[in-house]
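> Just the structure for this:
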Amino acid sequence: MPIDRVTAADVRAAVYLAADALAPAVERDWRVPAGDLDWDCWETVEHIADDLFAYAGQLGPRRPSAAGPVPFSWQYRRPGGPALSVWAVPEDGPAGLLQVLESAGALLAAMVEVTPPTVRSYHVFGAADPEGFAAMGVVETLVHMRDVAAGLELPWEPPAELCARVLERLFPDAPAGTDRWQTLLWATGRVALPGHDRLTSWRWQGAPR
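As a prediction, this is how the structure comes out:
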């Protein structure tokens, strides 16, 4: 049975699920480690928003480059922290950061909707089409939300159907017949699966097949 394509609606769904999962923790300290990452939870959510913004930006030019990314400026704010173009105002707290997350997700969803499917734009893992960038945004949101949820001790398990769509688009060689969420975590080097060791390196297939 064929899997549906990844769409702008999937981007919105992933971001809204993430924001709703994080909303009960807006009064807490997000400067705690995000799971196994070297970043804290605040930085990791900023990273998700930054990726969503960057993927939207890749679809913006009339003649997207296949040779490199759109040259937005970026910076590190501490050694070992994420390199970002998008930062939230710390004084607005986690509630403000969630607005940044939703806004960046909305930008990517809108660009996916209006960009012709024939467009190809640079990504280090292969020049991608709008569906590819949508899938990348979903994966970044779902997987890094696991890191944040672990740090904030929040429940997080996205829908199997959403995981199946991004696996089909970006990880077509991933094991079949396994739990789709756990398989997405395996494909991104987070966990082992029965009969499949945890990956020490991984990449997705950005270019459309």
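
> Give me the pLDDT for residue 3.
Note for residue 3: predicted pLDDT of 69.

> now do residue 126
Predicted confidence (pLDDT) at residue 126: the value is 89.

> Excluding sequence neighbours, find me the nearest residue to residue 149.
residue 156 (3.6 Å; C-beta to C-beta, 6 or more residues apart in numbering). Backbone N, C-alpha and C define where each C-beta goes, glycine included.

> So the one you found is in contact with residue 143, correct?
No: between residue 156 and residue 143 there is no contact under C-beta atoms under 8 Å: 10.2 Å.

> which residues touch the lowest-mean-pLDDT helix or strand in the chain?
Least confident element among the helices and strands of the chain, by mean pLDDT, DSSP states H and E: strand 75-76 (a mean of 94). Contacts with strand 75-76, where a contact means C-beta atoms under 8 Å, 6 or more residues apart in numbering, come from 82, 83, 84.

> Among those, pick out the one closest to residue 15, please.
Proximity of the contacts of strand 75-76 to residue 15 (C-beta to C-beta) peaks at residue 84, which lies at 17.1 Å.

> Torsion angles phi and psi at that closest one?
phi -130, psi 150 (degrees, to the nearest 10).

> Next one, pLDDT for it please.
Looking at residue 84, its pLDDT reads 97.

> Please report the number of neighbouring residues for it.
By other C-beta atoms under 10 Å, 20 other residues sit near residue 84.

> show me where the chain has helices.
For the chain, the helices defined by DSSP state H cover 8-22, 41-58, 93-114, 130-152, 160-170, 180-187.

> Which strands and helices lie in contact with the last one?
When you say that, I think you mean helix 180-187. Packing partners of helix 180-187 (3 or more C-beta pairs under 8 Å, 6 or more residues apart in numbering; DSSP states H and E): helix 130-152, helix 160-170.

> do the same with the fifth one
Applying 3+ C-beta pairs under 8 Å, 6+ apart, one finds that helix 160-170 makes contact with helix 8-22, helix 130-152, helix 180-187.

> for these, which one sits closest to residue 53?
Evaluated over the helices and strands packed on helix 160-170, closeness to residue 53 peaks at helix 130-152, with 9.6 Å, by C-beta to C-beta.
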